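Enquirer: give me coordinates for this.
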Amino acid sequence: MRFRPLLCTALGLVFLSGCAQMKSTAQVARTFDQDVAFMRKHTDVIVLRGADGASVAVTPTWQGRVMTSAISGDGEGFGWINDELIQSGETREHINPYGGEDRFWMGPEGGQFAIFFKKGDPFDLTHWQTPACIDTAAWRATSQNEREVTFRHEAKLVNYSGEVLETRIDRTVRLVSPADAAQALGVALGPGVRGVGFESENRLTNAGTRPWTKDAGLLSIWILGMFKHSPETTVIAPYHPGPIDQLGPVVNDAYFGKVPADRLRIEGGVVLFRGDGQCRSKIGLSPQRSKPVVGSYDAARNVLTIVQYSRPPGARDYVNSMWQMQDNPYGGDVVNSYNDGPPSPGAKPLGPFYELETSSPAAMLAPGAALIHTHRTIHFTGPVDQLDAICRKVLGVELAKARW
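Expert: I've put the predicted structure just below:
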């Protein structure tokens, strides 16, 4: 066990050790076009549409995040949207979790190089604050067409050690056709498979005059996607096999207290984790164990989701977001999955939803230099046998085994 914090580091909510569960919460099923109409009552929305009807909704108000996507405008969106917060019009303390399938964050969250805590403050919820540039600041769109949109934002961050980090963020969100996505994954789509795909290309530039060094603290790009849960959703994370004494543990399952055994399985080269929105828990895979792909299967909706991301060869330094002073500040995970649920028995969950997350390596950059992290999301639906063929090829497991 690497650590057992009492706070949810990705969402800043009190978490009592253990796993409080809840009965399934009904979700309002809207079409994509209805999602867009709802959001446009409260914020700006840019819609990208493909010739096949695939649709993606992006908002500059909330850092160019992808709020939801769908195979067609009259189909149900895949992204989780926080109706309650959006309708309220309020700005919350600590974090404003509007939702979204692909949102830009930066790490580290905790430790001596944290950007979520001020120098000298204790690592607790009272003092935890998401930087405005990745929470409340609107980003400006610099170019746009029917299939992609690019944003830019400048921000100055001061880490826990007092180092000033001047940044420029350039982020492009673009549609990716199912055929192109399948080619990149090395699979063929059966005649009954439909899908929607998009990617965010995220560039972090050192906009200052001093190099970013490991001794003063480095940043990373952290992309998080919130998706609609179901009682039959399973997160699938393939991993590199090998001895623990050489590669370390297969999975870090101690973020919020050890994940219960009936919610996490390791078998046949994959980690299987429940994404049912019923138990607040989180897992992570290290650089030694993770592969450049992670996914999930929602058997209730018959949706196979795959996230493909960029992994520089040989990269080993990933920022560590533990809420404490760290012995190894560059020993963080590359791939994460979070499952929402009540923070304590009877308490209200944040969503619920589940997340698929990826991170870039730590950005050791000279002035003017940049690091790029690409995060691609694809949703497939269709005959189960055809989805099973994709899952076996890309994620290394048959769908029948990715069930609870």
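
Enquirer: what residues are up against residue 135?
Expert: 63, 95, 96 (Cβ atoms under 8 Å, 6 or more residues apart in numbering). No exception for glycine: its C-beta is placed from N, CA and C like everyone else's.

Enquirer: now do the phi/psi pair for the second one.
Expert: When quoted as degrees, to the nearest 10, the phi and psi of residue 95 stand at phi -160, psi 150.

Enquirer: test my guess that it contacts residue 134.
Expert: No - taking Cβ atoms under 8 Å as the contact criterion, residue 95 and residue 134 are not neighbours in contact, 9.6 Å apart.

Enquirer: these two - which one has more neighbours?
Expert: Set side by side, residue 95 and residue 134 give different neighbour counts by other Cβ atoms under 10 Å, the larger being at residue 134 (23 against 18).

Enquirer: could you point out which element follows the host helix or strand of residue 195?
Expert: Secondary structure assigned from DSSP states H and E places residue 195 in strand 194-206. Towards the C-terminus, the helix or strand next in line after strand 194-206, according to DSSP H and E, is strand 220-227.

Enquirer: model confidence over that next one, on average?
Expert: Taken as a whole, strand 220-227 has a mean pLDDT of 98.

Enquirer: could you check the angle strand 194-206 makes with it?
Expert: Between the axis of strand 220-227 and that of strand 194-206 there is an angle of 150 degrees, by axes from the mean of the first three to the mean of the last three Cα atoms, to 10 degrees.

Enquirer: now do strand 220-227: distance to the chain's middle.
Expert: Shown here is strand 220-227, whose average C-alpha point lies 3 Å from the average C-alpha point of the whole chain (Cα atoms, centre = their mean, to the nearest Å).

Enquirer: what's that strand packed up against?
Expert: Taking 3 or more Cβ pairs under 8 Å, 6 or more residues apart in numbering; DSSP states H and E as the contact definition, the neighbouring helices and strands of strand 220-227 are strand 103-107, strand 194-206, strand 303-309, strand 354-359, strand 370-381.

Enquirer: just name the most buried of the ones you listed.
Expert: When you average the neighbours per residue for each of the helices and strands packed on strand 220-227 (mean count of other Cβ atoms under 10 Å), strand 354-359 leads with a mean of 27.

Enquirer: how far out from the middle of the chain is the helix of greatest length in the chain?
Expert: For the chain, the helix that runs over the most residues, judged by DSSP state H, is helix 384-395. In this view, helix 384-395 has its centroid 22 Å away from the chain centroid, taken as Cα atoms, centre = their mean.

Enquirer: ok, now stretch 228-244?
Expert: Centroid separation between stretch 228-244 and its chain, computed with Cα atoms, centre = their mean, is 14 Å.

Enquirer: how long is that stretch from one end to the other?
Expert: Stretch 228-244 has an end-to-end distance of 34 Å (Cα to Cα, to the nearest Å).

Enquirer: what of stretch 353-373?
Expert: So stretch 353-373: terminal residues 24 Å apart, Cα to Cα.

Enquirer: stretch 125-141 too?
Expert: Stretch 125-141 has its terminal residues 33 Å apart, counting by Cα to Cα.

Enquirer: just checking, what packs against the strand holding residue 195?
Expert: Helices and strands touching strand 194-206, as assessed by 3+ Cβ pairs under 8 Å, 6+ apart, comprise strand 55-59, strand 65-70, strand 103-107, strand 164-176, helix 178-185, strand 220-227, strand 370-381.

Enquirer: report the angle between that strand and strand 164-176.
Expert: Compare the direction of strand 194-206 with that of strand 164-176 by the same axes, to 10 degrees and you get 160 degrees.

Enquirer: each with direction, which strands does strand 194-206 pair with?
Expert: With DSSP bridges as the test, strand 194-206 is paired with strand 164-176 (antiparallel), strand 370-381 (antiparallel).
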